[in-house]
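**Student:** Build me a structure from this.
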Amino acid sequence: MRTFIKNLSLAGALALAFSAATPAEAFSVAVQPLHPHTAKTSLVGVAGACRNPDVDARIASAFFEMPAIAAGQGATGTSGVAIELSSTGTLVSEYVIQSSGNPNLDRAALLSARMSRFAPEVTNCAAVGGSYLYTVTF
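**Tutor:** So this is what the prediction gives:
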């Protein structure tokens, strides 16, 4: 009986470890302009020459958490989230515009957008806000 309990505990621990761990390759995030050339300019004081006058908006730090229920289902897909960034890179709004077909993955994509940090687009040495497509591939 002890051997059975020990094997059951080991099997449970392994199952928990594999279900909780999501490999880094299991997801990707990307951001691109949703409507090119619609960014709003915010004048930023620049001392001296600007080193990089034009820089695309980017993800400064990405947050990702695979929902346990979706992982248990073996769900995969791509969710597209429309995000609005201010000229400081702060998230102003977000909503799903391309569903993965799984509501758990779509909610995880929204949470990822909310919890990630962004660097704003820079145009002619001025930080600008705008609309972007935040894509999460599970």
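
**Student:** who's in contact with the host helix or strand of residue 30?
**Tutor:** Here residue 30 sits within strand 28-33, counting by DSSP states H and E. Strand 28-33 is contacted by residues 39, 56-59, 62, 64, 83, 112, 116, 118, 121, 130-137 when judged by C-beta atoms under 8 Å, 6 or more residues apart in numbering. Bear in mind the C-beta positions are built from the backbone N, C-alpha and C, glycine included.

**Student:** So what are the sheet partners of it and their directions?
**Tutor:** strand 126-137 (antiparallel) (DSSP bridges).

**Student:** Only the C-alpha atoms, please, for the strand it pairs with, written as PDB.
**Tutor:** The C-alpha trace of strand 126-137 is given here as PDB (Å, rounded to 0.1, in the frame of the first residue of the first chain):
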ATOM      1  CA  ALA A 126       8.700  63.100 -30.400                       C
ATOM      2  CA  ALA A 127       6.900  60.300 -28.500                       C
ATOM      3  CA  VAL A 128       3.500  59.600 -30.000                       C
ATOM      4  CA  GLY A 129       0.500  57.500 -28.900                       C
ATOM      5  CA  GLY A 130      -1.600  55.400 -31.300                       C
ATOM      6  CA  SER A 131      -3.500  52.300 -31.900                       C
ATOM      7  CA  TYR A 132      -1.700  48.900 -32.200                       C
ATOM      8  CA  LEU A 133      -2.400  45.300 -32.700                       C
ATOM      9  CA  TYR A 134      -1.100  43.200 -29.800                       C
ATOM     10  CA  THR A 135      -0.900  39.600 -31.000                       C
ATOM     11  CA  VAL A 136      -0.600  36.600 -28.600                       C
ATOM     12  CA  THR A 137       0.100  33.200 -30.100                       C
END
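
**Student:** Done for today, thanks.
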